[in-house]
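In: sequence-free structure coming up:
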């Protein structure tokens, strides 16, 4: 049996940040992780560049309870994140509000957080998977691990992440622990990944990157639309506009709805303007808009060039699936936020049990919002524990 005042399960973004913030205040903290190293997913985030926050921070950049998100962002916004990263020795580089470590390496963020934790006295236990939680009558938590080791603590923090990206550790085990403690976990689906589409055209179009707008529908009702670079892959569509809407598509398909998308090749043109362009320029005008691989695909749907504008403004895509949780950047869904105190991140069902980051039913769009939520929940939790130090006395 091993005792620590505070145990954090999960050495990912929120777990490492929480460990560091508590450790530097002299708290007795142990970080458990089932992997053989900390921050595997963190080191790969943002294509290895780690877009860790965004100055254009708003609740509308998140799915879930936006009032809950708003209260969190009021307490920990992008300025607080930038300041905290500066304290770790990470200089910030910005582009259009997107904030990255100056050297562009996510591995640096992981390494400096781990180093800061160690220097603050945080103990790491790798290869240790939490299997069962027992809340003792005297207020203690007993954590039984797959390795057979038993830990005890006064405060237990779950920062296990979700189910996204299994190869980097996203196995959803934290949801099972939360359910065992009586928490409700909402349906979990892939977020920030591509969409599979029906049709034979995708193989011949694979590799194309194009500017456009993607609109998503469920049973013919518009769910949302996003503009930017759309990427065509062998079995469907990808790119930031698709990523932003993936969660909505996944939820709709789980509900049995027919999901379709529409690609607008030139959002800045109306249909009549595009029609005039094609009439004026003919086939050359079409070649001046789309990749040549698109031409036989488009003209197969509408052979009359003068009427092709309608297809190009609303090229219909029949969505069959997402690319799955294995390829998703985040998982959408999690512990219901009405069961978490927004001021402390403490469970409303069990005192001294805290739930952080992706484990909650909150997920953001691309742009550093999910990592920011991880830092923010860690900061709020650690501040609460530091303010209540007197109750965390080893017995």
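Out: Sure thing, it's come through. From a predicted model like this one, the values you see are computed outputs, not experimental measurements. Residues are numbered from 1 along each chain as shown.
In: contacts and neighbour counts: CA atoms only from here.
Out: OK.
In: And the helices in the stretch 151-300 of the chain, which stretches?
Out: 173-180, 201-205, 240-254, 271-287, 294-301 (DSSP state H, counting those that start in this stretch).
In: can you list those helices in CSV and add mean neighbour count, distance to residue 68 and mean pLDDT?
Out: Compiled in CSV, the helices of the stretch 151-300 of the chain are given as follows (neighbours: other C-alpha atoms under 10 Å; distance: least, C-alpha to C-alpha, whole Å; pLDDT from 0 to 100):
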stretch, mean neighbour count, distance to residue 68, mean pLDDT
helix 173-180, 18, 20, 96
helix 201-205, 17, 40, 96
helix 240-254, 22, 19, 97
helix 271-287, 15, 41, 94
helix 294-301, 14, 44, 96
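In: out of those, nearest to residue 35?
Out: For those, distance to residue 35 was read as C-alpha to C-alpha. The smallest value, 12.6 Å, belongs to helix 173-180.
In: tell me what that closest one is packed against?
Out: Secondary-structure packing of helix 173-180 (3 or more C-alpha pairs under 8 Å, 6 or more residues apart in numbering; DSSP states H and E): strand 130-135.
In: mind checking which of the helices of the stretch 151-300 of the chain is nearest residue 102?
Out: Once these are compared by C-alpha to C-alpha, helix 240-254 is nearest, at 22.9 Å.
In: wait, isn't residue 260 in contact with residue 318?
Out: Yes. At 4.7 Å, residue 260 counts as touching residue 318 under the criterion of C-alpha atoms under 8 Å.
In: In terms of neighbours, single out the busier of these two.
Out: The residue with more neighbours, out of residue 260 and residue 318, is residue 260; 20 against 17, by other C-alpha atoms under 10 Å.
In: Please list all residues in contact with that one.
Out: Contact analysis of residue 260 by C-alpha atoms under 8 Å, 6 or more residues apart in numbering lists 216-218, 220, 316-319.
In: The same query, at a cut-off of 10 Å, please.
Out: Listed by C-alpha atoms under 10 Å, 6 or more residues apart in numbering, the contact set of residue 260 reads 197, 215-222, 249, 316-320.
In: Quick check, pLDDT for it.
Out: pLDDT, residue 260: 98.
In: How about residue 389?
Out: You'll see residue 389 listed with a pLDDT of 66.
In: and if you look at residue 40?
Out: You'll see residue 40 listed with a pLDDT of 89.
In: Look up the closest residue to residue 247, ignoring the ones flanking it.
Out: residue 191 (4.8 Å; C-alpha to C-alpha, 6 or more residues apart in numbering).
In: Could you double-check that the one you found sits in contact with residue 363?
Out: Yes. Here residue 191 reaches residue 363: they are 7.9 Å apart, a contact under C-alpha atoms under 10 Å.
In: Neighbours of the residue nearest to residue 229 when sequence neighbours are not counted, how many?
Out: Take residue 229 and drop its neighbours on the chain: the residue closest to it by C-alpha to C-alpha, 6+ apart is residue 211, 4.5 Å away. By other C-alpha under 10 Å, 17 other residues sit near residue 211.
In: what residue ranges in the stretch 101-250 of the chain score low on pLDDT?
Out: For the stretch 101-250 of the chain, no stretch is flagged by pLDDT under 70.
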